[in-house]
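1. Just the structure for this:
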Amino acid sequence: MLTPHALGVHNVLKYVRPWLHPLLDAPSRYRLARAVNIADLRECARRRAHKMVFDYMDGCAEDEIAFRWSRESYANYELHYNVLAGKQQPIDLSTSIVGAPVGVPFFCAPCAGHRMFHHEGEEAVAKAASKYGALFCLSSLATTSMEDVAAQHSGPKLMQLYLWKDRALVRDVVQRAREAGYHALALTADTAWFGNRERDPRNGFSVPPNYTPRQVWHALNAPSWSLDLLSHPPYKYEIVGDERPAEDIGSYFANLVSKDYSWDDAEWLLGEWGGPTLLKGVVRPDDAKRAFALGFDAVWISNHGGRQLETSPAPLDVLPAIREAVGPDAQLVLDGGVQRGTDVVKALALGANAVGVGKAYLYGLAAGGAAGATKALDILHRETELAMGLLGVGSVVELRRRGPELVRRRSKCQPCASPSGRQHSIEHFSPTGTKV
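-> Numbering: from 1, shown residues only. All right, here's what the predicted structure looks like:
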């Protein structure tokens, strides 16, 4: 296919970009400066990015119910704060994740193709994570090499991995991660089959774009993003070592990953790595217990951001049952729908050791590269510290220890009149979630 990159347009535009890009990107920088929360960053990203790119980042499977449930689950829990607790800044947000000390209890979860959203890509997010001593998890479908990311982030890093059909490729990725100083390996177990993400085919999603009239029109409406794309060389999936440009991620993924991998394959990977490991994508207590019995050091509770099996449970809702099943000392990581500091606090109080964020920092990246990703983590850091201070706890250790008394499932009332006179009817639940 004859494309601008095939014609060498990027070799010309790279000379134009230094003076043209500041002009085209000025509105995006203005919006980014005014953003005060993650929802604002989402709007900044929507207005800067190509429509199909934003929808790939923002969209989920089928009717997107699972993602809505994940977001709504945090509203089902109340924060029962202490007054006169005598806490002052700075709140101690430090903790450890699978043995690695980190500065904050949240981290950047793995997401594919960062350079799709902004040309600065994974390096921009690694820089943002370094600011707070946050753990960074690199996707197997990254568009930046693990070595380049390591150069930007000297702290603890996870390498996320799928079980590819080519076991030699798996061994190569494992060895490179070890040599590049990655602390732990996270095996994603919920994507043997690729989710039905309907926004993508509706948009004719491909990266780079197909340059249909509709795609060109959307590119003209995203001039800063388009200049980024056309003034830089085409990007590739650097981790898997494929020299082809990154195309439609669904078909690309299907050609590489094994659909039939099992617990036996996971055990094989544990032997190949020989270091700290996490199993990502767990939503059931029995799977969590089996993972620890097999030798995983941590279980990562996740429904893949609602992008895989539609109507899969919200991770926060299954966290208490999994914590009860595996005991108080087992390491549990959680992601899914986290867009507020109070979300982080509730997950920690309900039993998570650490909390992954995905869309939150991707919105920042798409809104403004390293500056946007940094602002996303700034927002989460500020909100988490504020929530803990208002709650009356001075550290993550104290929050997790006192969690059951501080976070309770929301009590809902029987039919009654609101101040406006309107009636509402919702059921009573006990703090443990039992209907009463």
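
2. OK, contacts around residue 204?
-> Residue 204 is in contact with 52, 210, 212, 214, 215, counting by Cβ atoms under 8 Å, 6 or more residues apart in numbering. (C-beta placed from N, C-alpha, C; glycine too.)

3. How about the secondary structure of the residue nearest to the last one when sequence neighbours are not counted?
-> By that I understand residue 215. Closest residue to residue 215 in three dimensions, ignoring its sequence neighbours and counting by Cβ to Cβ, 6 or more residues apart in numbering: residue 209, at 4.2 Å. Recorded secondary structure, residue 209: coil (DSSP: H, G, I helix; E, B strand; the rest coil).

4. distance of the spatially most central residue of the chain from residue 166?
-> For the chain, residue 358 is the residue whose C-alpha lies nearest the centre (Cα atoms, centre = their mean; 1.8 Å). Separation of residue 358 from residue 166 (Cβ to Cβ, to the nearest Å) stands at 27 Å.

5. Secondary structure element holding residue 356?
-> Element membership for residue 356, per DSSP states H and E: strand 354-357.

6. which of the residues in the following helix or strand past that strand are buried?
-> Sequence order places helix 359-391 as the next helix or strand after strand 354-357, per DSSP H and E. Within helix 359-391, the residues that count as buried by 16 or more other Cβ atoms under 10 Å are 359-377, 379-381, 383-385, 387-391.

7. what does stretch 150-160 give?
-> Here stretch 150-160 shows 150, 152, 153, 155, 156, 157, 158, 159, 160 as buried, counting by 16+ other Cβ under 10 Å.

8. can you tell me which of the residues you listed are in helices?
-> With helices taken from DSSP state H, the overlap with those comprises 150, 152.

9. what about the stretch 301-436 of the chain, any weak spots by pLDDT?
-> Along the stretch 301-436 of the chain, segments meeting pLDDT under 70 span 412-436.

10. Do a quick rundown of the strands in it.
-> In the stretch 301-436 of the chain, the segments counted as strands under DSSP state E, counting those that start in this stretch are 331-335, 354-357, 407-409, 416-417, 423-424.

11. what about the helices in the stretch 251-400 of the chain?
-> 263-273, 285-294, 315-326, 341-349, 359-391, 396-406 (DSSP state H, counting those that start in this stretch).

12. which strands and helices sit next to the last one?
-> For helix 396-406, the contact count by 3 or more Cβ pairs under 8 Å, 6 or more residues apart in numbering; DSSP states H and E identifies helix 341-349, helix 359-391 as packing neighbours.

13. so how far is that helix from its chain's centroid?
-> A distance of 24 Å separates the centroid of the chain from that of helix 396-406, by Cα atoms, centre = their mean, to the nearest Å.

14. and residue 317, what does it touch?
-> By Cβ under 8 Å, 6+ apart, the contact list for residue 317 reads 69, 73, 76.

15. Just put the residues you listed in a markdown table and tack on neighbour count, secondary structure and pLDDT.
-> Output for the contacts of residue 317, formatted as a markdown table (neighbours: other Cβ atoms under 10 Å; DSSP: H, G, I helix; E, B strand; the rest coil; pLDDT from 0 to 100):
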| residue | neighbour count | secondary structure | pLDDT |
| --- | --- | --- | --- |
| 69 | 20 | helix | 95 |
| 73 | 21 | helix | 96 |
| 76 | 15 | helix | 95 |
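
16. any idea which of those is the one closest to residue 296?
-> For the contacts of residue 317, the closest approach to residue 296 (Cβ to Cβ) belongs to residue 73, at 24.5 Å.

17. Check which helices and strands the strand holding residue 356 sits against.
-> Judged by 3+ Cβ pairs under 8 Å, 6+ apart, strand 354-357 is in contact with strand 106-108, strand 331-335, helix 341-349.

18. could you pull out the strands for the stretch 151-300 of the chain?
-> For the stretch 151-300 of the chain, applying DSSP E, counting those that start in this stretch gives strands covering 157-161, 184-188, 277-282, 298-301.

19. Done for today, thanks.
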